[in-house]
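**Q** Model the structure of this input:
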Amino acid sequence: MHRKLHQATAALAGSPLAATGVLAFDTATTSAQEPPPDVAQTQFQQVTLVKGEAEMGEPMTLAVLPDRSVPHISRDGTLRRTDANGSTSVAGQLPVYGHDEEGLRGIGVDPGFESNRFICLYYAPPLDTPGGDAPADGSAADFAPFDGVNRLSRFTLSDDNTLDLDSETEILDVAASRGQCRHVGGDIDFDAEGNLYLSTGDDPNPFASDGFTPIDERPDRNSAFDGGPALGAVDVPATGGWDQYVDVSTTLSGQPDGTTTLYLTFSGRAGGLLDIDDFTFSTGE
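**A** Residues are numbered from 1 along each chain as shown. All right, here's what the predicted structure looks like:
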């Protein structure tokens, strides 16, 4: 959507009826066919270079250098390098904050590595974050000490294949709330033009909502349990029938600018069913 959103209108139907479904199955038989060859088995050879905690730690991801050696990272901040013969050594140790999913999460190799020896790492710097869990409930002052960042930085891998910590160039800090288990992400990649890409997690905790959208907006609730602000809410009355609809509308607050993704979430009475015929957005003009 490229226009500011001022009002949402929905045509919704609610009914305390049970739902039934009809399934159709194709019972026709077909002659057995030989499965296609496994491309991975015919064109690639799987070779185990490292295995186990001693050589991998808590493994997150890996990259491949031009000499076919493999730098790989552990969440505790350890960067290891395994050469093409399977010999593994520690290339560096990055100080990290390591509660739940945070730590050293991503590694990428600069396309010009052969001349500049640059690698990128995505990690959680220690800062002054308290240890232990952040409170699930409290005030803004209770949550503030757990405000942190996940950092994307560029480093130089020295000629002896060790990480030069003093070479760090900070590229991007991604705001993150700490002390609760959240989705962190951290995959790094470069395209053919040399542009750098970073994937980040959505940062909420889905467990208190039993895997459903975390949108707990209570003012005394940790933001870990709120995946995004609610722009509006509306009650949908029971219509008395599955094919009977009622129009309901609500005004949106805090309208986003530019292009964004909006989600509709629903909670209803026991035994009720909800069917949406359509919904539209209007500027109110």
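**Q** my guess is Leu79 meets Val96, correct?
**A** No - between Leu79 and Val96 there is no contact under C-beta atoms under 8 Å: 11.1 Å. Yep, even glycine has a C-beta here, placed from its N, CA and C like the rest.
**Q** which residues do these two both contact?
**A** By the contact definition C-beta atoms under 8 Å, 6 or more residues apart in numbering, Leu79 and Val96 are jointly contacted by Leu104.
**Q** and the residue nearest to Gly179 when sequence neighbours are not counted, what does it touch?
**A** With sequence-adjacent residues excluded and distances taken as C-beta to C-beta, 6 or more residues apart in numbering, Gly179 is closest to Ala134, at 2.6 Å. Counting by C-beta under 8 Å, 6+ apart, Ala134 touches 143, 146, 177-180, 222, 224.
**Q** out of these, which are inside helices?
**A** Using DSSP state H, Phe143 are the members of those that sit in helices.
**Q** Next step: the contacts of Ala134 restricted to strands.
**A** Ser177 (DSSP state E).
**Q** can you put the contacts of Ala134 in TSV and add pLDDT, neighbour count and distance to Phe190?
**A** Converted to TSV, the contacts of Ala134 look like this (pLDDT from 0 to 100; neighbours: other C-beta atoms under 10 Å; distance: C-beta to C-beta, whole Å):
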residue	pLDDT	neighbour count	distance to Phe190
Phe143	86	22	36
Phe146	90	22	32
Ser177	86	18	29
Arg178	89	23	29
Gly179	85	24	33
Gln180	86	23	32
Asn222	79	23	36
Ala224	77	24	32
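**Q** Just the pLDDT for Ala63.
**A** Looking at Ala63, its pLDDT reads 96.
**Q** Please name the nearest non-neighbouring residue to it.
**A** Closest to Ala63 by C-beta to C-beta, 6+ apart is Val109, at 4.7 Å.
**Q** what's the neighbour count on that neighbour?
**A** Val109 is surrounded by 19 other residues when neighbours are defined as other C-beta atoms under 10 Å.
**Q** check contacts around it.
**A** 63-65, 71, 118-120, 190.
**Q** Then Leu65?
**A** So Leu65 contacts 71, 109, 113 (C-beta under 8 Å, 6+ apart).
**Q** so which of the residues you listed comes closest to Thr280?
**A** Val109 (47.2 Å; C-beta to C-beta).
**Q** Give the bridge partners for the closest one, please.
**A** Following DSSP bridges, Val109 is listed with bridge partners Ile119.
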